[in-house]
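K.L.:
A predicted structure for the sequence below; I have some questions about it.
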Amino acid sequence: MLYTINNSEIKGGPSQRICGLDLIRVCAIFFVIAGHFLFVNTAYTETPIQSISVFLQRMMMSVFYVSVPLFMMLTGYLNTNKTPTIKYYKGMLRVLVAYLVFSIVTILFRICYLGEDRSIIQWVLSIFDYSAIKYAWYIEMWIGLALIAPFLNYMWHAIPTMREKLLLIAVLFLLVSFPDTVNSRVYLFPGYFEKGCYPLMFYFMGTFIREYQPTIKTWLGLAIILLISMVNPIATLILAGSESTDYSLGGGPKGVLCTCIAVAIFLMLYRREVSVKPVKRWVTHCSMVSLEMYLCCYMFDQLYYPWFKERFYESQAQFLPWFLVIVPAVFLSSYIVASAYNFIAVKMRR
């Protein structure tokens, strides 16, 4: 999902791409679809932890939450040297055109399949307020981030030392992740900038990684992810007992815990190669259409989930095995449609 504007890594074609970054995109779009399985389309947050299945679902959600942070970090990593040129801003057209096309398709889907009744004016306005596609809030955020990114780069490169750049990230971490984590229970930390600054925090994390190329051992990254993902379900199990209350001690996607998971995943993958050529080609292509996959996956959610839930759903504990059916079905369907759109769009641009 959302590719970087005028992405210098793809000049000359797919062979010029950085495989590790494509891996991150594929993981991120999978996390988006998988996260919608739990957070949007099932009642897992309302289900008390009375089985291993529900416990695992809450662990998985801690990982799936990091999809958007990964995309924001990718944007920072790849756009860190961009300047406010006409060529740069023209690069936004691909995202905007894709959003417009899939918004129209989704509106037709909602009218013809879901039977929603609105006036033409209401449907048109839904494109501009990013509600035509239920998951399109990210497009609104991305537009603002893309517009301001070159000026963020001026700010970043004006900071003279690595220590001061780390201090900037630390300050943003305090303004974003700490309030998201702490203030949900007791308002203890200034949280005024929490919502507005969290894209900047992840953007600058990506720029830092691009400039200084830190790494992490795979075993350590996996250990960090496993341990952190257990915090919220254990806290919920201890504090809520048989109740359905969700004790998310680490906050949401921009909270302390999920931020640490996002950084660990990024550091594990961004320099990794795939040696099997067919797999590498698929990863590259899937990465290239991840934006379109994001924009059309809402329709497949609406196609598959009601059908499966009407026929097979008994309880949230029983529903986890269907994760292995529905999530791949939504992913594959979105991939096919996104690939078809990309094929047509490329032909039209030539």
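P.N.:
Nice, thanks for sending it over.

K.L.:
Check which helices and strands the helix or strand of the chain with the lowest mean pLDDT sits against.
P.N.:
Ranked by mean pLDDT, DSSP states H and E, the weakest helix or strand in the chain is helix 316-319, scoring a mean of 77. When contacts are defined as 3 or more CB pairs under 8 Å, 6 or more residues apart in numbering; DSSP states H and E, helix 316-319 sits against helix 52-64. Every C-beta, even on glycine, is put in place using the N, C-alpha and C of the backbone.

K.L.:
What residues of the helix it packs on count as buried?
P.N.:
Buried residues in helix 52-64, defined by neighbour count with 16 or more other CB atoms under 10 Å: 53-64.

K.L.:
Just the residues contacting it, thanks.
P.N.:
With CB atoms under 8 Å, 6 or more residues apart in numbering as the test, helix 52-64 has contacts from 31-32, 34-35, 38-39, 44, 47-49, 225, 228-233, 236-237, 250, 257-258, 261, 265, 316-320.

K.L.:
Just after it, pick out the following helix or strand.
P.N.:
helix 67-79 (DSSP states H and E).

K.L.:
Distance from the chain centre to that following helix, please.
P.N.:
9 Å (CA atoms, centre = their mean, to the nearest Å).

K.L.:
for the protein, which spans come out with low pLDDT?
P.N.:
Along the chain, the model assigns pLDDT under 70 to residues 1-16, 45, 240-250.

K.L.:
let's see it at 50
P.N.:
In the predicted model, the chain carries pLDDT under 50 at residues 1-15.

K.L.:
circling back to that earlier point, in a markdown table, list the buried residues of helix 52-64 along with distance to residue 184.
P.N.:
Compiled in a markdown table, the buried residues of helix 52-64 are given as follows (distance: CB to CB, whole Å):
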| residue | distance to residue 184 |
| --- | --- |
| 53 | 26 |
| 54 | 21 |
| 55 | 21 |
| 56 | 23 |
| 57 | 20 |
| 58 | 16 |
| 59 | 19 |
| 60 | 21 |
| 61 | 16 |
| 62 | 15 |
| 63 | 20 |
| 64 | 19 |
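
K.L.:
The contacts of helix 52-64 in strands, which ones?
P.N.:
Applying DSSP state E to the contacts of helix 52-64, no entry is found in strands.

K.L.:
So which of these sit within helices?
P.N.:
31-32, 34-35, 225, 228-229, 231-233, 236-237, 257-258, 261, 265, 316-319 (DSSP state H).

K.L.:
Now the buried members of the residues you listed.
P.N.:
Neighbour-count burial (16+ other CB under 10 Å) applied to the ones in helices among the contacts of helix 52-64 gives 31-32, 34-35, 225, 228-229, 231-233, 236-237, 257-258, 261, 265, 316-317, 319.

K.L.:
Tell me the spacing between residue 97 and residue 343.
P.N.:
Counting by CB to CB, to the nearest Å, the gap from residue 97 to residue 343 is 15 Å.

K.L.:
can you check residue 66 too?
P.N.:
Taking CB to CB, one finds residue 66 at 30 Å from residue 343.

K.L.:
The two - which one has more neighbours?
P.N.:
For residue 66 and residue 343, the more surrounded residue by other CB atoms under 10 Å is residue 66, and the numbers stand at 28 against 11.

K.L.:
so residue 290 touches residue 29, yeah?
P.N.:
Yes. The pair residue 290 and residue 29 qualifies as a contact (CB atoms under 8 Å) at a distance of 4.3 Å.

K.L.:
higher neighbour count, the two?
P.N.:
The neighbour comparison of residue 290 against residue 29 (other CB under 10 Å) goes to residue 29, with 27 against 24.

K.L.:
Packing partners of the strand or helix carrying that one?
P.N.:
In this structure, residue 29 sits in helix 19-35 according to DSSP H and E. Packing contacts for helix 19-35, counted by 3+ CB pairs under 8 Å, 6+ apart, involve helix 52-64, helix 67-79, helix 256-269, helix 277-288, helix 290-312, helix 323-349.

K.L.:
List the buried residues for that helix?
P.N.:
19-35.

K.L.:
Neighbours of residue 127, how many?
P.N.:
Residue 127 - counted by other CB under 10 Å - has 17 other residues nearby.

K.L.:
err, residue 305, not the other one
P.N.:
Quick note: residue 305 (other CB under 10 Å) scores 19 neighbours.

K.L.:
Identify the residue spatially nearest to it, adjacent ones excluded.
P.N.:
In space, residue 305 comes closest to residue 41 once its chain neighbours are excluded; the distance is 4.5 Å by CB to CB, 6 or more residues apart in numbering.

K.L.:
Could you report the neighbour count for the one you found?
P.N.:
Residue 41 has 19 neighbouring residues, counting by other CB under 10 Å.

K.L.:
ok, now the one 5 residues further on?
P.N.:
Look at residue 46: counted by other CB under 10 Å, it has 10 neighbours.
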